[in-house]
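Engineer: No letters, just coordinates:
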C-alpha cells in the first residue's frame, strides 16, 4: 500500500480536504494548514482564552507564532490541519501531527512496556476555539484524523505531551475516542500529565 508524505500534501492539499456538517447545520472544512493562513491562524491563537491556553501551551499566541507554524510546512516532521467555518471564514480548531518521536517520549513509554517506532507511531495534539468547545467538534473530526494517520502508514497514536491530569474533559474525550491510559509523569509545569495511546489508528 502506497503511503502519503508531507510533499504530497504540500503539492495537493485537496488530497486531505474534507467538508463536514455539524448538527447545527454549519459546514466545516478540515484541510491542511497552508502558507497563506498566517493571519487567520494568528487570529485563532490570539482569541484563545487563558483557560484554553493553560492546556494548549505555546511560547506565544500571536502573529509570530502563526508565522512560525506556517513556515514549518513541509520543512520538518509536522503536519497541521485547520478546521474552518465556511460561512464565517474563521478557524475553529487546529489539529497537529508529529511524525517524530522524541527520545524522552521513547524512554517514558518503555517504562510502560511500549516500544515506540516513528515509522508506525505518531504524536497528535489538538486545540479547539473556545466558542466551539463542548459542541462535539473533536469527536466529529477524530475519524478523519485516524484516517489521515493511516494514509501516512501510522498504526498507533500517542498524545503530544500527554494530557494534563486536571483536564478531566479532555481525558473523557480521549477515552471516548479509543485512547488508553498508560501512565503518569510530571510535566515541566510541575503538574501531572497522563500518557495515552490509541493502538489501532
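Structural biologist: Happy to help now that I have it. Everything quoted here is computed from the prediction, not taken from an experiment.
Engineer: Buried residues, the helix ranked longest in the chain. List them.
Structural biologist: Ranked by residue count under DSSP state H, the longest helix found in the chain is helix 137-151. Of all the residues in helix 137-151, those buried under the rule 16 or more other CB atoms under 10 Å are 137, 138, 140, 141, 142, 144, 145, 146, 148, 149, 151. Quick note: C-beta positions are derived from backbone N, CA and C, even for glycine.
Engineer: Please apply the same query to stretch 3-16.
Structural biologist: Along stretch 3-16, these residues count as buried under the neighbour rule (16+ other CB under 10 Å): 4, 6, 8, 9, 16.
Engineer: Kindly report the same for stretch 164-182.
Structural biologist: By 16+ other CB under 10 Å, the buried positions in stretch 164-182 come out as 164, 167, 170, 171, 173, 174, 179, 182.
Engineer: repeat for stretch 26-42
Structural biologist: By neighbour count, with 16+ other CB under 10 Å as the criterion, the buried positions of stretch 26-42 are 28, 30, 31, 32, 33, 34, 37, 38, 40, 41, 42.
Engineer: What average pLDDT does that stretch get?
Structural biologist: When the per-residue pLDDT values of stretch 26-42 are averaged, the result is 95.
Engineer: Give me the residues contacting it.
Structural biologist: Counting by CB atoms under 8 Å, 6 or more residues apart in numbering, the neighbours of stretch 26-42 from elsewhere in the structure are 9-10, 13, 16-22, 62-63, 65-67, 69-71, 73, 79-87, 89-92, 94-95, 137, 141, 144.
Engineer: List the ones among the residues you listed that fall in helices.
Structural biologist: Secondary structure from DSSP H places 9, 10, 63, 65, 66, 67, 69, 70, 71, 137, 141, 144 of those in helices.
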